[in-house]
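Enquirer: The sequence and its predicted three-dimensional model are supplied below.
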Amino acid sequence: MKLFLILGFLTILLTQAHAANAPVKPELNGVIRWNSATLQGIRDAKLGAPVVARALAIVHTCMYDAWAAYDDRAVGTQLHGALRRPAAEQTLANKEQAISYAAYRALVDVLPADTNSIYVPLMKRLGYDPTDVSSDIETPSGIGNVACAAVLEFRRHDKSNQLGDLAQGPYTDWTGYTPANKPSPIPAKAPPSDPNRWQPLTYINSTGDLMSQRFVGAQWSEVTPFALSKGDQLRGSLPPPARFGSKEYQEQAEELITLSAGLTDQQKMIAEYWSDGPNSEQPPGHWALFAQLVSARDHHTLDDDVKMFFVLSNTIFDAGIAAWDMKRAYDSVRPITAIPLLFKDKKVQAWGGPGKGTVEIDGSQWTPYQLATSPTPPFPEYVSGHSTYSAAAAKILELWTGSDRFGHSVVLAPGTSKIEPGITPVHPVNLHWDTFRAATDEAGVSRRYGGIHFRPADLAGRKLGRLVAAEVWTRAQSYFDGTAGNKALGAVPAPAP
């Protein structure tokens, strides 16, 4: 019964953003409403994980900076304490209004596709005028608009290339990355010239188009983090990936072949559940969903959620920067390239494809447990982004709640596999996580079940995520307690309508 209550509440959160004409649920505070709207914007935009993490962080930072104006001690990230309002104005109604204007302005900027379908209707249901672009900081709408304008102005120049001013096209690489190896079809037919380096893939996607991969987020190591000094700050805390010809390189490939040959329904569904998030909100959004469950479980106030989502989203953002720094620095080979190279002309037992189970194949024909239309992500292997995001987010939720206890589960019905539809699983699969750490560990190992990552990339990602979380947690406390500094209010442009 407890499980169904939790899942029912989660369903409300996931569909709330679509219900343009439904009355607002009074038990959902503004942070949860706007987080739900953000996740729907992410699903509809279909962006890569680093961009998703950045969007989440911008939305929640805008809300936090607006909220901080109505707190006695907290300061914002851009204008610090310059927006502080008198105690008499520090009401829940003013906070709700200010964070709503801030979230709306942020979403229109970073996830604009759902402006008319999701964000404008939500503003109107909340009783706010989305055309109000006032910069009068004596009003909640002005606070929200001004606070968010400052955050957006800063983030537009953070080297993510959101505006396409560093290279043509939003979020495109401006650093001149070139892959060391020529693209290969699946199964691998073009041996890599450098077996240590990433090899792009060519394949037919779900819409029938021929795809040739490019390194998504090749510039992300250069993006300005929230708490880290630079993307490479923590790189030296972890070992490099195994090199071709080493015992470790061989063993990590053998381990994945063994996993592939022995995949159970449980392992297959773990691989699929964690692949991009339960509703394609990517790993960063997946943990934002978990945070909503924590909010409901622990009966959070608006103040609680503003701060929790602020530190959580910025941790996930910095985790992506740190992980992508290592991906760019090491440019490491994926299993889909390394295994066919190592085991060519050798018979291996492995998953043979949808519905085929375990078969004997030539090692050159090995493929991961993935959709043929999306065989492996378009960027290097080391470290695992899933592991880094998950460990970082889990650590923050542990620090926030003061406990590792999570207590969440999902049931995956028979035949619901996307890779083996109607076949897998034969029986219902119950995924249960007593702790945040258990969820982290399962997210990490899921990429090994799926043939996407080697063990070292998973374990290193988990360690990296926890290191990032410690840095961001400390930085966030300085904003919460007002010790982050002070700036005089400068001239901030009013947001566009």
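Expert: Happy to help now that I have it.
Enquirer: Low-confidence regions, this protein specifically.
Expert: The chain contains residues with pLDDT under 70 at 1-27, 277-278, 485-497.
Enquirer: Asn181 touches Ala188, doesn't it?
Expert: No. Contact between Asn181 and Ala188 fails when scored by CB atoms under 8 Å: they sit 10.4 Å apart. In this view, the C-beta of every residue, glycine as well, is placed from N, C-alpha and C.
Enquirer: Pull up the overlap in contacts between these two.
Expert: 199, 337 (CB atoms under 8 Å, 6 or more residues apart in numbering).
Enquirer: ok, for Glu255, nearest residue in space, not its chain neighbours?
Expert: Leaving aside its sequence neighbours, Glu255 sits nearest to Arg455 (CB to CB, 6 or more residues apart in numbering; 6.1 Å).
Enquirer: mind listing what the one you found touches?
Expert: 252, 255, 448.
Enquirer: how close does the first one sit to Arg235?
Expert: To tie it back to what came earlier, the one meant is Gln252. Separation of Gln252 from Arg235 (CB to CB, to the nearest Å): 20 Å.
Enquirer: now the strands for the stretch 1-150 of the chain?
Expert: Using DSSP state E, counting those that start in this stretch, no strands are found in the stretch 1-150 of the chain.
Enquirer: From Thr77, how far out is the residue nearest to Glu255?
Expert: 37 Å.
Enquirer: So what's the gap between the strand or helix carrying Tyr389 and the chain middle?
Expert: Using DSSP states H and E, the element containing Tyr389 is helix 385-401. Here helix 385-401 is found 11 Å from its chain centre; the criterion is CA atoms, centre = their mean, to the nearest Å.
Enquirer: quick check: domain ranges of the protein?
Expert: As given by automatic domain parsing, the domain ranges for the chain are 2-155, 202-480.
Enquirer: count of residues packed around the closest residue to Ala49 other than its chain neighbours?
Expert: Distances taken as CB to CB, 6+ apart put Gln282 closest to Ala49, at 4.6 Å, once the chain neighbours are dropped. The local packing of Gln282 (other CB atoms under 10 Å) involves 30 other residues.
Enquirer: Please tell me how far Gln282 sits from Leu210.
Expert: Taking CB to CB, one finds Gln282 at 24 Å from Leu210.
Enquirer: His453 now?
Expert: Distance from His453 to Leu210, by CB to CB: 26 Å.
Enquirer: Counting neighbours, go ahead and name the busier of those two.
Expert: Comparing His453 with Leu210 by other CB under 10 Å, the one with more neighbours is His453, at 31 against 9.
Enquirer: surely that one meets Glu381?
Expert: Yes. His453 lies in contact with Glu381 (CB under 8 Å); the separation is 6.1 Å.
Enquirer: Now for the two: what residues contact both?
Expert: Pro335.
Enquirer: What is the burial count for Glu164?
Expert: Slight slip there: residue 164 is Gly, not Glu. Neighbour count of Gly164, defined by other CB under 10 Å: 12.
Enquirer: what do you get for Ala167?
Expert: Neighbour tally, Ala167, other CB under 10 Å: 14.
Enquirer: Check Asn205 too.
Expert: 12.
Enquirer: which residues does it contact?
Expert: Counting by CB under 8 Å, 6+ apart, Asn205 has contacts 211, 373-374.
Enquirer: rerun at 6 Å
Expert: Contact analysis of Asn205 by CB atoms under 6 Å, 6 or more residues apart in numbering lists 211, 373.
Enquirer: ok so Leu163 is a strand residue?
Expert: No. Using DSSP: H, G, I helix; E, B strand; the rest coil, the assignment for Leu163 is coil, not a strand.
Enquirer: The closest residue to it other than its chain neighbours: neighbour count?
Expert: Take Leu163 and drop its neighbours on the chain: the residue closest to it by CB to CB, 6+ apart is Arg156, 5.8 Å away. Neighbourhood size, Arg156 [other CB under 10 Å]: 15.
Enquirer: which residues touch stretch 83-96?
Expert: The contact list for stretch 83-96 (CB under 6 Å, 6+ apart) reads 30, 67, 69-70, 137, 140, 143, 302.
Enquirer: Name the member of those with the most neighbours.
Expert: Busiest of the contacts of stretch 83-96 [other CB under 10 Å] is Ile143, holding 32 neighbours.
Enquirer: shouldn't that residue be in contact with Tyr70?
Expert: No. With contact defined as CB atoms under 6 Å, Ile143 and Tyr70 do not form a contacting pair (7.8 Å).
Enquirer: residue ranges of the helices in the stretch 151-300 of the chain, please?
Expert: Secondary structure of the stretch 151-300 of the chain (DSSP state H, counting those that start in this stretch): helices at 247-261, 265-273, 282-297.
Enquirer: now for the contacts of stretch 83-96, which pair is the farthest apart?
Expert: Farthest pair in these (CB to CB) is Ile137 and Leu302. Separation: 20.0 Å.
Enquirer: Including distance to Thr175, could the domains of the chain go into JSON lines?
Expert: Output for the domains of the chain, formatted as JSON lines (distance: least, CB to CB, whole Å):
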{"stretch": "domain 2-155", "distance to Thr175": "14"}
{"stretch": "domain 202-480", "distance to Thr175": "5"}
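Enquirer: Could you point out which of those sits nearest Gln168?
Expert: Of all the domains of the chain, domain 202-480 comes closest under CB to CB, at 13.2 Å.
Enquirer: Could you tell me the end-to-end distance of that closest one?
Expert: Start-to-end span of domain 202-480 (CA to CA, to the nearest Å) is 48 Å.
Enquirer: try stretch 349-362
Expert: From its first residue to its last, stretch 349-362 covers 9 Å (CA to CA).
Enquirer: Counting neighbours, show which residues of it come out buried.
Expert: 350-352, 354, 361 (16 or more other CB atoms under 10 Å).
Enquirer: From those residues, pick the one nearest Leu397.
Expert: For the buried residues of stretch 349-362, the nearest to Leu397 is Trp351 (33.5 Å; CB to CB).
Enquirer: ok, now how distant is the closest residue in space to Asp304 that isn't next to it in sequence from Gly48?
Expert: Nearest non-adjacent residue to Asp304, counting by CB to CB, 6+ apart: Ser295, 7.2 Å away. Distance of Ser295 to Gly48, given as CB to CB: 27 Å.
Enquirer: neighbour-wise, which of these two wins?
Expert: Set Ser295 next to Gly48 and count neighbours by other CB under 10 Å: Ser295 wins out with 21 against 18.
Enquirer: was I right about the more buried one contacting Asp305?
Expert: Yes. The pair Ser295 / Asp305 is scored as a contact, 5.4 Å apart, by CB under 6 Å.
Enquirer: Work out which residue lies at the spatial centre of this protein.
Expert: In the chain, the C-alpha nearest the mean C-alpha coordinate belongs to Pro284, at 1.9 Å (CA atoms, centre = their mean).
Enquirer: That residue and Arg54 touch, don't they?
Expert: No. Look at Pro284 against Arg54 with CB under 6 Å: they stay out of range, at 8.9 Å.
Enquirer: where's Leu464, which helix or strand?
Expert: Using DSSP H and E, Leu464 maps to helix 455-480.
Enquirer: helix, strand or coil for the residue of the chain most remote from its centre?
Expert: Distance to the chain centre peaks in the chain at Asp345, reaching 39.0 Å (criterion: CA atoms, centre = their mean). Following three-state DSSP, the label given to Asp345 is coil.
Enquirer: Nearest residue to it in space, please, no chain neighbours.
Expert: The nearest residue in space to Asp345 (CB to CB, 6+ apart) is Asp362, at 6.5 Å.
Enquirer: who's that neighbour bridged to?
Expert: Lys347 (DSSP bridges).
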